[in-house]
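> Task: produce atomic coordinates for the following.
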Amino acid sequence: MNKKVKNVSYNTTNTYETLNELNSQTKRVWLVFHGIGYLSRFFLKYFADLPKEENYIIAPQAPSKYYLKNEYKHVGASWLTKENTSLETINVFNYIDAVLQNENLPEHCEIIFFGFSQGVSIATRYLAYSKLQCSKLIIYAGGLPNELKKQDFNFLNKDTKVISIIGDKDQYLSPERLSKESEKIHLLFG
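Numbering: from 1, shown residues only. Modelled structure (predicted):
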């Protein structure tokens, strides 16, 4: 048997969701990356209480959709897996680039990156890749990718705030993992 893995490039289309209107009164644009098992349209509800006139939320949609549980009723999505991570990461970056190009963000707006769970890895990887200036990077209940280095974030303005949020009942966060993630945050942003 003579097996080969080959790559092919093709165009694809994906959705993304927005909340509120982007206009001259908008002060902040949020790029929010949902966790595994979410869809962007449901993730937006967590941002609905922000002042509508001042906040415009963009929720990119993870590309790999699948049925949750075995009921074939509810759909979730995943950003990346351990399979072909480098290639898939490039695909995700190209998608987010296209979203931002489509949105044509005004320069007067403050940019906030928000990653939840698996979305933390996408938010931080994309920020390191794009070198997009942001006022805040909010890391909520997710792990930082091991390949990221301090120099990946040297471009950030010294006033950029990095905020890490963790729960005290997170089933995936052992004391050992908390220690490792805290160390990574300090090494990258400390």
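> any idea how far residue 85 is from residue 33?
If you measure residue 85 against residue 33 using Cβ to Cβ, to the nearest Å, the figure is 16 Å. Where you see a C-beta, it was placed from the backbone N, CA and C, and this is true even at glycine.
> The two: who's more crowded?
Here residue 85 and residue 33 are set side by side on neighbour count (other Cβ atoms under 10 Å), and the busier one is residue 33, at 31 against 14.
> what about the residue lying closest to that one once chain neighbours are set aside, distance to residue 10?
If the residues on either side of it in the chain are set aside, residue 33 comes closest to residue 119, at 3.1 Å by Cβ to Cβ, 6 or more residues apart in numbering. Using Cβ to Cβ, residue 119 is found at 25 Å from residue 10.
> the more surrounded of those two?
With other Cβ under 10 Å as the criterion, residue 119 and residue 10 differ in neighbour count, and residue 119 comes out ahead with 28 against 4.
> In a helix, the more buried one, correct?
Yes. Counting by DSSP: H, G, I helix; E, B strand; the rest coil, one finds residue 119 located in a helix.
> Show me what the helix or strand containing residue 41 is in contact with.
For residue 41, the element it lies in under DSSP states H and E is helix 40-43. Outside helix 40-43, the residues that touch it by Cβ atoms under 8 Å, 6 or more residues apart in numbering are 15, 16, 17, 32, 34, 35, 59, 60, 61, 62, 116.
> out of these, which are buried?
Neighbour counting by 16 or more other Cβ atoms under 10 Å classes 16, 17, 32, 34, 35, 59, 60, 61, 62, 116 among the contacts of helix 40-43 as buried.
> closest to residue 136 among the residues you listed?
Of all these, residue 32 has the smallest distance to residue 136: 11.8 Å, by Cβ to Cβ.
> Quick check: that closest one is in a strand.
Yes. The assignment for residue 32 by three-state DSSP puts it in a strand.
> now it, which residues is it bridged with?
residue 114 (DSSP bridges).
> Go ahead and confirm it touches residue 119.
Yes. The pair residue 32 and residue 119 qualifies as a contact (Cβ atoms under 8 Å) at a distance of 7.4 Å.
> Could you pull up the mean pLDDT of stretch 158-173?
In this model, stretch 158-173 carries a mean pLDDT of 88.
> Need the distance between the two termini of that stretch.
29 Å (Cα to Cα, to the nearest Å).
> Could you list the buried residues of it?
For stretch 158-173, a neighbour-count test (16+ other Cβ under 10 Å) marks 160, 162, 164, 173 as buried.
> quick one, strands of this structure?
With DSSP state E as the criterion, the chain has strands at 16-19, 28-33, 55-60, 64-67, 75-78, 110-116, 136-140, 161-165.
> Please identify which of the ones you listed is closest to residue 102.
With Cβ to Cβ as the criterion, residue 102 lies closest to strand 16-19 of the strands of the chain, at 8.4 Å.
> now for that closest one, which elements pack on it?
Contact analysis of strand 16-19 by 3 or more Cβ pairs under 8 Å, 6 or more residues apart in numbering; DSSP states H and E lists helix 40-43, strand 55-60 as its packing neighbours.
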